[in-house]
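Q: Generate coordinates for the sequence data below:
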Amino acid sequence: MVKRRAALLGAGALLVGLPAVPAVTAAAGTTSGSCTDADAAIYRPPATASAAPGDVIACRRVDSLPMIGTGTPVDAWKVQYGSTDGHGGRNTVAGTVIVPKEAWQGTGERPLVAFVPGTLGIGPQCAFSKQLAGQYQDAYEGPNIAALLKAGFAVAATDGAGYLDGQVHPYVSGADAGHAVLDMVRAAAGLPGSGLGSDAQVGIWGYSEGGSGSLWAAQLAKSYAPEVNVVGVASGGVPGDLKQVGNSLNGGAFAGFLVDAVIGLSVTHPDMPFDGLLNDTGRKAVKDAESLCAVGTVARFAGAHVENYTKDRLTLDQLYALRGPDGTTWGQIADGNKLGVGVGSSGSGARYEIGFPVLQYRGIFDEVIPAETGQGTRRAYCDAGIATQWKSYAGDHLLGDPQSIGDSVDWLTDRFADKPMRGNC
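A: From the prediction side, this is the model:
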């Protein structure tokens, strides 16, 4: 079995076969509190990922955010910050902090929403912070952020792990995603000039991949970042069960998401069988997936079957059965990223205690995430006694995101106002 990666992404290593990237030697622009680092420094991984989770490593002001328009005057920064990978090792992530210029009109400190973007692609060229700042590929959630800013909320939008130079995004890795979200909140509070407080109320919001990342942040919040004052999480189009979603995607119009998922898990588990399984078509597929963003990925892999990418034409079930050196199977790794397992209400003693309300939603015609997957995650949360509200929209996967904007912002507004939420389990 051939290792796909020479070392874990979280250890700060560069990908095999990609050119070396100069290391960040100092966060020069942050030492004086001026955030004057070069743009390149935001995306250059340190030689060793040693920053504490949430520590700001580099930052720079952003003059223009074309994706969100000009409706609300804002101050904005790109940030590189310390985080933790899915194996507990330190890594480094980038993101964007945006704060309305107008003074907060509500009570207490200005609330902060940790925004988790949906699927963008797995290469560093697809980073959400780059797209927000005008390096447009095919990001689509500018209106979501604009609505939050119009409501007066600050926004901390993580790119997610694996978007620095020479890296590959660990797509569908729950712990990587959840840690990146929570550490983005910590970084926003520590950002020079942001005016954000560490005690501010925090809401978390995401759809599709962002829906998964936001729920993972909810599940990890108490154990990983107990000081973060999370008051509610809104999560839509959630791919809560990777096996169910993978079986549905294989051979379909959105098979590219499955290709990205397989590559993403190979990044986080470099000792598992991967490279040695691929045929020439499979190796070309990996190269293409890492060079494309969301729309290009969907177009390139429409109708693709994973069986065509391995020498032995392995089915998904056969791939799930393959074991790594320690006996772990790919199926166990996929199951380890299933949402709703081990959750419980505050004080329950569950592995993942959630002591704040959760909103889950989906489009009833969603052709990407099977209905049983969304309903399964909902049932798991309800059965665990977590305050859960469910909402459906008359749209498909793509439309479910914009259709939810008004309701999601209103729901978060109510959480910041400490209004009671009536669940509908």
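
Q: Please make it C-alpha for all contacts and neighbour counts, starting now.
A: OK.

Q: how's this structure carved up into domains?
A: 9-241+343-416, 242-336 (automatic domain parsing).

Q: Looking at these, which is nearest to Gly423?
A: Closest of the domains of the chain to Gly423 is domain 9-241+343-416, at 4.5 Å (criterion: C-alpha to C-alpha).

Q: quick one: contacts for the residue lying closest to Asn250 once chain neighbours are set aside?
A: Using C-alpha to C-alpha, 6 or more residues apart in numbering and skipping residues adjacent in sequence, the residue nearest Asn250 is His305, 5.4 Å away. Counting by C-alpha atoms under 8 Å, 6 or more residues apart in numbering, His305 makes contact with 250-251, 255.

Q: quick one: which of these sit in helices?
A: The helices, defined by DSSP state H, take in Ala255 from the contacts of His305.

Q: of the contacts of His305, buried ones?
A: 250-251, 255 (16 or more other C-alpha atoms under 10 Å).

Q: In a markdown table: these, plus distance to Thr388.
A: Conversion of these to a markdown table gives the following (distance: C-alpha to C-alpha, whole Å):
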| residue | distance to Thr388 |
| --- | --- |
| Asn250 | 31 |
| Gly251 | 34 |
| Ala255 | 31 |
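
Q: which element is Thr131 on?
A: Slight slip there: residue 131 is Gln, not Thr. In this structure, Gln131 is located in helix 128-132 according to DSSP states H and E.

Q: neighbours around Lys287, how many?
A: Neighbour count of Lys287, defined by other C-alpha atoms under 10 Å: 11.

Q: Can you give me the buried ones in the helix or strand hosting it?
A: Lys287 is part of helix 280-291, with elements assigned from DSSP H and E. Of all the residues in helix 280-291, those buried under the rule 16+ other C-alpha under 10 Å are 282-283, 285-286, 288-291.

Q: go on, stretch 147-167?
A: Neighbour-count burial for stretch 147-167 [16+ other C-alpha under 10 Å]: 147-149, 151-167.

Q: sorry, back to before: nearest to Lys243, of the contacts of His305?
A: Of all the contacts of His305, Asn250 has the smallest distance to Lys243: 10.6 Å, by C-alpha to C-alpha.

Q: pretty sure the closest one contacts Ala302?
A: No. The pair Asn250 / Ala302 is not scored as a contact, 9.4 Å apart, by C-alpha atoms under 8 Å.

Q: Run a quick neighbour tally on Gln135.
A: For Gln135, the count of nearby residues is 17 (other C-alpha under 10 Å).

Q: Next secondary structure element downstream of the helix or strand of the chain with the lowest mean pLDDT?
A: Within the chain, no helix or strand scores below helix 28-31, which has a mean of 46 by mean pLDDT, DSSP states H and E. Going down the chain from helix 28-31, the next helix or strand is helix 39-42, by DSSP H and E.

Q: Tell me which residues of that following helix come out buried.
A: Those would be 39, 41-42, for helix 39-42 by 16+ other C-alpha under 10 Å.

Q: who does it touch, helix- and strand-wise?
A: Other helices and strands packing on helix 39-42, by 3 or more C-alpha pairs under 8 Å, 6 or more residues apart in numbering; DSSP states H and E, are strand 56-61, strand 74-84.
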